[in-house]
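[1] just coords:
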């Protein structure tokens, strides 16, 4: 397949590598990243179910109460990240003449390539957990629905379409579902190669059907 997605652009890389945060926010982010890093290490070493919040907190050198300030549950360590606001911003700033698919190619695939260069091990761990832990699968399904609606709302905001446009919501659900299935297929195949390739393939598959969006 010939890739249509852009390489990671300077804007996406800058947003991921150097978030515009003050000193306090940078410290909070470092703490959050330390908790997640140690949690993923423990998940790899002893399994998700066998790893306790107390063990994660001790490994990250924080108290359990500090853990809960950053992550309400153990599931949230896997299911949340710092990059959703980046993707939202890139969608909002995407040129108005881009189609829905073109917008997502830039706002999702570009940053994903950056993440796979800088945080591949954590990305692989996260996806392996999502295909193997039932509790994470249940929460992830709920998040997917919320994500599809957010995609539709963001695109409606950028293009002036109505948020009540049923066809736009269909398109967002189709694209969101396809991208999720692409990531799951990549994980189930052993996380070999780049997930951006299977996500591009999913977008290629849908592009002609959603050409009006």
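    Sure thing, it's come through. Nothing here was measured: the structure is a model prediction, and the numbers come from that model. Numbers count the residues shown, from 1 in each chain.
[2] which other helices and strands contact the helix ranked longest in the chain?
    Criterion DSSP state H: the longest helix present in the chain is helix 134-159. The elements that helix 134-159 packs onto, with contact taken as 3 or more C-beta pairs under 8 Å, 6 or more residues apart in numbering; DSSP states H and E, are helix 74-79, helix 84-93, helix 100-104, helix 120-130, helix 166-188. Any C-beta I mention is one placed from the backbone N, CA and C, and that applies to glycine too.
[3] would a markdown table of the ones you listed with distance to residue 33, mean pLDDT and mean neighbour count be doable?
    Formatted as a markdown table, those follow (distance: least, C-beta to C-beta, whole Å; pLDDT from 0 to 100; neighbours: other C-beta atoms under 10 Å):
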| stretch | distance to residue 33 | mean pLDDT | mean neighbour count |
| --- | --- | --- | --- |
| helix 74-79 | 11 | 95 | 20 |
| helix 84-93 | 15 | 82 | 16 |
| helix 100-104 | 26 | 85 | 22 |
| helix 120-130 | 9 | 92 | 18 |
| helix 166-188 | 21 | 89 | 18 |
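[4] May I see those helices arranged in a markdown table, with distance to residue 47 as well?
    What follows is those, written out as a markdown table (distance: least, C-beta to C-beta, whole Å):
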| stretch | distance to residue 47 |
| --- | --- |
| helix 74-79 | 12 |
| helix 84-93 | 27 |
| helix 100-104 | 34 |
| helix 120-130 | 10 |
| helix 166-188 | 17 |
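[5] out of these, which comes closest to residue 207?
    Closest approach to residue 207 among the helices and strands packed on helix 134-159 is made by helix 100-104 (4.8 Å; C-beta to C-beta).
[6] between whichever strand or helix holds residue 32 and helix 120-130, how big is the angle?
    Taking DSSP states H and E as the criterion, the element that holds residue 32 is helix 23-46. Between helix 23-46 and helix 120-130, the angle comes out at 60 degrees (axes from the mean of the first three to the mean of the last three C-alpha atoms, to 10 degrees).
[7] list the buried ones in the helix or strand that comes right after helix 23-46?
    Remark: after helix 23-46, the chain's next helix or strand is helix 53-60, criterion DSSP H and E. Along helix 53-60, these residues count as buried under the neighbour rule (16 or more other C-beta atoms under 10 Å): 53, 56, 57, 59, 60.
[8] Nearest residue to residue 163 in space, please, no chain neighbours.
    Counting by C-beta to C-beta, 6 or more residues apart in numbering, residue 163 lies nearest to residue 156, which is 4.8 Å off, once chain neighbours are set aside.
[9] Equivalent analysis for residue 153, please.
    Counting by C-beta to C-beta, 6+ apart, the residue nearest residue 153 is residue 163, at 5.7 Å.
[10] quick one: which helix or strand includes that neighbour?
    Residue 163 belongs to no helix or strand, assigned by DSSP H and E.
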